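> 3D model of this:
(chains A and B)
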Amino acid sequence: VPQRRSPAPWWWLVTACALLLVAIGVALLIWLELSSKTRTTSYAVIGDLGAIRLDVGAADVLVSGGASTVQVQRVDRFAFGHGTHEDRSVRGGTLAIRSRCPPQVVRPCRVGYRIAVPDNVPLQIRTTSGDVRLDGLRASVQVSTSSGAIRASDFCGFMLRAVSDSGDVAVAADCSSEDLELRSRSGDVLATVPSGRYHVDAESDAGSRAVHGIASDDDAPYQVQALSTTGDVEVDGT
Amino acid sequence: VSAFELPRHTRSALRALVYMLEGVIRGLVNLPVVALGLAVGFVLSPAWDGSMRAASRLAWRCGGGERARANRFLHAHLPPLPRGTQVSRGTFWSVMTLLLIQLPLTLVALLAAAVPAGLTVALALLGAGGVAGSDARFVGPWALGVWSGLLLLALALPAAIVTLAALEGLGLGLRAVARRLLATREPVDGPVRELLAERLGDHSLTIAYWLPERGRFVDDHGRPVELPEPESGRTWTAVDHEGARVAAIVHDAELDASPELVTAAASAAVLAIDNERLKAELRARVEDLRVSRVRIVEAADEARRNIERDLHDGAQQQLVSLALDLRILYAQLGDADQRATVGRLADKLAEALGELRELARGIHPAVLSERGLGAAVEALVDRSPLDVRASVELDGARLPAAVEAAAYFVIAEGLTNVVRYAETRHADIVVCRNAGELEVVVADDGRGGATLDAGTGLRGLIDRLVVLDGRLELDSPLGAGTRLRARIPVDQGSLVAEAAGR
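Down below sits the predicted model:
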C-alpha cells in the first residue's frame, strides 16, 4: 500500500516557480494594458512634389489618389511608452517617409498610414510585413513587401510594379496601363484589366494559371506580367 | 538543494520527453496500422476468415510494444498483455483505444510541454543577448542590457524548473492513461503469488518459502526448490519479516520493476507470504510422511526378500539334500516294504518342498528381485493353470523395487482371482508404461461381477498402491469378464522417484 505523503519539497519549488512566472506575466500584461495608447498624427505637405517614397516597415499603408495636396495620417498604437520613430524629409521635390517601430519583445507597436496623394506623383512604397492598399491612383507606382499583401483598386497609372515575397497581389486596373508587373513568390497573383489586347506574361511554377477575357498579343502596346512561384496566377479582362 | 531531488526529477522528465517524442513516431506507425489494418481486415473478412484475426494480431502486437514502452520510460509496471487468444473484447478495444488516441494525445502533450520550454529558451536567449550586448530590443518597458539580461537569465531558471515539472507531470498523466487502457486484469484479491505477479508485471514469478528447521526452500506443494543461479535469466529477492527469512521471490532477471519495487511489493505482502509459508511447511511435512511411507513399504519388502532368501538358502536347501539322500537310500534298499516306506517319505518330502517353495514365492519371489518384472510375470504365467497371454513392454528396464513388487502382486492376485471365481480358462496380462505411469492390466472373459470390497486380497493391494500414489480400478460387469487395472506413477517428480532420490 503506497504511503500518503505530503508533497515533496520539489513540488513546492515547482509551485513557487510557476507562481513567480505567472505573477510576472500578469504584471506585464496589466502594465501593457495600462500603458497602451493610440496616437493619431496628421499633417499635410504643401508644395509640388516630384515623387513620394515610403519605407514603413511593419506598418499598413492605404494610399488613395485624387487629392489636391499630400495628406498624411498616421495611427500609432503602442505600449510601455515606446512609440514609432518616423523620419520625414522633402529633398529635391521628393517626400521620403521612413518609420519603424522600436524593436519590442512583448508586443511591438502597430502603425497604420493613410495617405492621400495628387495624381501623377510617382510613388515608391516599401514595407516588411505591412499590407499595402492602393485606391484610385493615377500615377506610376512601385510597391515591394516581404510578407504583406498588396491590393490595388481603380488603378489608372502608367506603370505599376508590385512585388511581394509571401503576400498575395491583387490589382484591379480601371484603364490599360503601359506596364503592369505583379509578382509574388508564394502568394497568389490576380490582375483585372480592361479587356483588349495585351502582351501577357502569366506564369506559375507550382500553382494554377488562368487568363480570361483578354487577347494575348506580343505586339500589343500594353503589357501584363503576373508571375508567382508557388501561388496561383489569374489575369481577367472586364 | 538535495531535498529537491533534482537529478531524479530530471531523469523522469527526460524519460517522459523521450516517451513522447518516440510516441509521435510510434503513433505515426500505430495509427495507420491499427485503423487501416482493422478496417481492411473487416472488409476482407467475408472473403477470408483469417483477415480480421491477422489484423487483430498485428494490432495486438503494437499494443504489446506500447506496454513495454510505458514500463520502460514511465515506470508504469504494467503486466505483459495476455496472449491474443485469451483476450476479452473489452480488453482488446481498450488497448486499441490507446493505439488510436496515442498520436493526438502525444502531440497535445508535447504542445503543452512546449509552452514552458519555449518560455525558458526565449528567456535564456534574450538574457544572453542582453548580457552580450548583441540584442538591443525592448522587453516591455525596459531596454535589454546587462542587468535586464541577467534578470531574464535568472528567470529562465524557474521556467526551466516548471518545464521539468510539466514534462514529469505529463509523463504521469500519460502513465495514468497507459495504465487505464493497457492494464488487462486487476484482481483485487487472490493468491499472493498472483497479486505479486500482477503488481510486478512478471507472470512467471514464483515464491520459494523458507523452512528454517530444514534449512531449505520449498514450493507451494512443499517440494524442495533450488534458487536460480546468477546468469540464468532468473533472479530472486529475499523476503524478510522481523529479521527472519520468510521466502524468496523468484522472478525474471530482466524485470521492468526495480529491485526496490520488488522489495516494496514483497514487504507489503509479507504477512500473506508468511501465511503461505506456514501452509507450505505443513505440506512439506505431509510430503515427508508420504515419502517415509514408501520407505516403510520398501523396508518391509526388503525384509520379506531376506526371509525368502533364508528359506531358499537354509530350510529349502536342507530339504533338497534330504530328498537326494532318500533317493540314494531308495536305490540301495532291497526290501520291497522298506522301499515303499522310503518312497512314501520321499513323496511327502517333495510335497513339503513344493509347499515351502510356494510359501517363499508368496513372501517375495526371488526371480522378481533378481531378474525383474518381465521374468517374474513369465514365471507366474508358467505356473498358472490358465491359458494366459502376457505382454510386458518395459524394454528390459528395471523399475523401483516397490513398484515392481506392487505390480507383481497385482498380477498374482488377479490371476488367483481368475482361477477362483471367473470360471474361464483364458486371461490376458498387459504391463506397459503410459504417460509417466506403470500400467498393469489383468483381464479375463469370465463371468464378471467382482467387486473391490470382496476379500482381503484386493484390499491389501489398494493399500500398497496408495502408498505409491497408485490407483486400482476394477471393471467387472456381470457376464462380460473382469478387468483389473493398476496405475503407479513412476516418472520424474513422482513420489516413487522422489523416495528413490532421497
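
> neighbours of B:Ala117, just the number please.
19 (other Cβ atoms under 10 Å in any protein chain shown). To be clear about C-beta, it is placed using only N, CA and C from the backbone, and glycine gets the same treatment.

> Near residue 123, how many residues? Count them for me, please.
Answering for chain A, as no chain was given. Neighbour tally, A:Leu123, other Cβ under 10 Å: 23.

> if you could check chain B rather than the one you did, that'd help
22.

> Please apply the same query to A:Val143.
26.

> In this structure A:Val61 contacts A:Leu137, no?
No: A:Val61 is beyond contact range of A:Leu137, at 12.0 Å (criterion: Cβ atoms under 8 Å).

> Disregarding residues adjacent in the polypeptide, which is nearest to the residue in the stretch 301-450 of chain B that chain A sits nearest to?
Of all residues in the stretch 301-450 of chain B, B:Gly436 sits closest to chain A, at 44.1 Å by Cβ to the nearest Cβ. Once flanking residues are discounted, B:Gly436 sits nearest to B:Asp491: 3.6 Å by Cβ to Cβ, 6 or more residues apart in numbering or on different chains.

> how far away is that neighbour from B:Asp219?
Shown here: B:Asp491 relative to B:Asp219, a distance of 18 Å by Cβ to Cβ, to the nearest Å.

> More neighbours: these two, which one.
B:Asp219 (16 against 12).

> how about the more buried one, what does it touch?
B:Asp219 sits next to B:Thr206, B:Ala208, B:Tyr209, B:Val225, B:Ala280 when contact means Cβ atoms under 8 Å, 6 or more residues apart in numbering or on different chains.

> at 7 Å what do you get?
Contact analysis of B:Asp219 by Cβ atoms under 7 Å, 6 or more residues apart in numbering or on different chains lists B:Ala208, B:Val225.

> repeat for B:Gly233
Here B:Gly233 is in contact with B:Ala253 (Cβ under 7 Å, 6+ apart).

> who touches the residue lying closest to A:Asp217 once chain neighbours are set aside in this structure?
Excluding the flanking residues, the one nearest A:Asp217 by Cβ to Cβ, 6+ apart is A:Arg197, at 4.4 Å. Shown in contact with A:Arg197 (Cβ under 7 Å, 6+ apart): A:Ala215, A:Asp217, A:Ala220.

> Which member of those is positioned nearest A:Gly157?
When the contacts of A:Arg197 are compared for distance to A:Gly157 (Cβ to Cβ), A:Ala220 wins out at 18.1 Å.

> quick one: average confidence on stretch B:29-40?
The pLDDT scores in stretch B:29-40 average 89.

> Could you check how far that stretch is from the centre of its chain?
38 Å (Cα atoms, centre = their mean, to the nearest Å).

> For that stretch, C-alpha coordinates in PDB please.
C-alpha atoms of stretch B:29-40 as PDB (Å, rounded to 0.1, in the frame of the first residue of the first chain):
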ATOM      1  CA  VAL B  29       3.000   3.800 -37.400                       C
ATOM      2  CA  ASN B  30       0.400   2.500 -34.900                       C
ATOM      3  CA  LEU B  31      -2.500   4.700 -36.000                       C
ATOM      4  CA  PRO B  32      -2.500   3.600 -39.700                       C
ATOM      5  CA  VAL B  33      -1.600   0.000 -38.800                       C
ATOM      6  CA  VAL B  34      -4.500  -0.300 -36.300                       C
ATOM      7  CA  ALA B  35      -7.100   1.900 -38.000                       C
ATOM      8  CA  LEU B  36      -6.300   0.700 -41.600                       C
ATOM      9  CA  GLY B  37      -5.400  -2.800 -40.600                       C
ATOM     10  CA  LEU B  38      -8.600  -3.400 -38.700                       C
ATOM     11  CA  ALA B  39     -10.700  -1.700 -41.400                       C
ATOM     12  CA  VAL B  40      -9.100  -3.800 -44.200                       C
END
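
> Much appreciated, bye for now.
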